[in-house]
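Asker: here is a sequence with its predicted model. Questions after.
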Amino acid sequence: MIKKLIVSLKKDMTPKESEIGVYILKNMKEILNLTSVELALKIGVGQSSIIKFIKKLGFNKYGEFKIQLSKEIENDRLYKNKERIHDQIYLDDSLEEVSNKTLNETIKALEKTVGNINYKYMEDVIEEIKKSKKILIIGSGMSSIVAKDLEIKFMKIKIDALHYESPHMQLMKLATMDSNDMVISISHRGETEDVIDVIKKAKNKNIKVLSITSIEKNTVASLSDFNLKIISEENILRSSAISSRMAQLIINDIIFLRLTQKDYKNTKNYIKESRNLIKHI
């Protein structure tokens, strides 16, 4: 995770932070034996710069950072020649190991994603959602599951939102939308061609675009007016979206609950009426 975080955050780093990041990537084993003061002297920066850097990566303390670094180095050593079936899950892992690794991967993704939230920015995003007249939610493959979840949540609180997995249906809906509306795109890697095509067409119609993507640099995020980032350890070796899907879902939950708070008197009645209507089904 440390390697991935440093690489993904590189574009937002100052020259000094970039220098620290490069040194860490090249000298991971050596750092295990260095204090924060010693590491600062090695790089030629102040100790405070080291502490700020590891906090940017999501660690509260330098010791916490070193513990995670040690785990990653040990995992690389132990599993170097083993066949992976999903990120850190290997072909010969026991059921107990698969269960615990899946749980740990998911917990880390949720903690890192929530820990990375810029709350002022997210409040602004939620306000944009609230004032949008119509919302088209797009997402293909596993992201479609997350998009459907968000559609159902919005439906409960009387927000006019629809999800279509079909690009054809997405474009048909887009044709009826204008600058008062919003497209929400859910895409982990942010490079799905059909999703990018819809976003470009939405931008041509001056329709706001919110995306929920990986923290790594990607096309969908760069084209969007607003972008909420998730962090998960899944990489190209993943067999399925697991921790990334859970991280996307917690963003959905936060948006839904904040919107419910903002208009609680009405949303409480909408949810109650919905339950009453379907309780006999």
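Answerer: Cool, the structure landed.
Asker: is it true that Arg258 touches Glu127?
Answerer: No. Using Cβ atoms under 8 Å, Arg258 is not in contact with Glu127, being 9.7 Å away. Backbone N, C-alpha and C define where each C-beta goes, glycine included.
Asker: neighbour-wise, which of those two wins?
Answerer: Counted by other Cβ atoms under 10 Å, Arg258 and Glu127 do not tie: Arg258 has more neighbours, with 17 against 13.
Asker: excluding residues flanking it in the chain, which one is nearest the more buried one?
Answerer: Ile126 (5.2 Å; Cβ to Cβ, 6 or more residues apart in numbering).
Asker: buried ones in the helix or strand harbouring the one you found?
Answerer: Using DSSP states H and E, Ile126 maps to helix 119-131. Residues Met122, Val125, Ile126, Ile129 are the ones in helix 119-131 that count as buried (16 or more other Cβ atoms under 10 Å).
Asker: what do you get for stretch 10-27?
Answerer: Going by neighbour count (16+ other Cβ under 10 Å), the buried part of stretch 10-27 is Met13, Glu17, Ser18, Glu19, Ile20, Gly21, Tyr23, Ile24.
Asker: report the mean confidence score over it.
Answerer: Taken as a whole, stretch 10-27 has an average pLDDT of 90.
Asker: ok, now which ones touch the residue nearest to Ile271 when sequence neighbours are not counted?
Answerer: Closest residue to Ile271 apart from its sequence neighbours, by Cβ to Cβ, 6+ apart: Lys156 at 5.4 Å. Residues in contact with Lys156 (Cβ atoms under 8 Å, 6 or more residues apart in numbering) are Phe256, Thr267, Tyr270, Ile271, Ser274.
Asker: low-confidence ranges, the stretch 51-200 of the chain, go.
Answerer: The model of the stretch 51-200 of the chain has pLDDT under 70 over residues 78-84, 86-87.
Asker: if we can go back for a sec, buried ones from the contacts of Lys156, can you make that a ChimeraX selection?
Answerer: Remark: buried members of the contacts of Lys156, expressed as a ChimeraX selection using 16+ other Cβ under 10 Å:
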select :256,267,270
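Asker: I'd like the contacts of Lys156 laid out as a markdown table, including secondary structure and pLDDT.
Answerer: Shown next, in a markdown table, are the contacts of Lys156 (DSSP: H, G, I helix; E, B strand; the rest coil; pLDDT from 0 to 100):
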| residue | secondary structure | pLDDT |
| --- | --- | --- |
| Phe256 | helix | 96 |
| Thr267 | helix | 84 |
| Tyr270 | helix | 79 |
| Ile271 | helix | 81 |
| Ser274 | helix | 79 |
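Asker: picking that back up, how much space between the residue nearest to Ile271 and Tyr164?
Answerer: 19 Å (Cβ to Cβ, to the nearest Å).
Asker: again with Ser94
Answerer: In terms of Cβ to Cβ, Ser94 sits 41 Å off from Tyr164.
Asker: can you lay out the buried residues of helix 119-131 as JSON lines showing distance to Lys3?
Answerer: Formatted as JSON lines, those follow (distance: Cβ to Cβ, whole Å):
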{"residue": "Met122", "distance to Lys3": "27"}
{"residue": "Val125", "distance to Lys3": "29"}
{"residue": "Ile126", "distance to Lys3": "33"}
{"residue": "Ile129", "distance to Lys3": "34"}
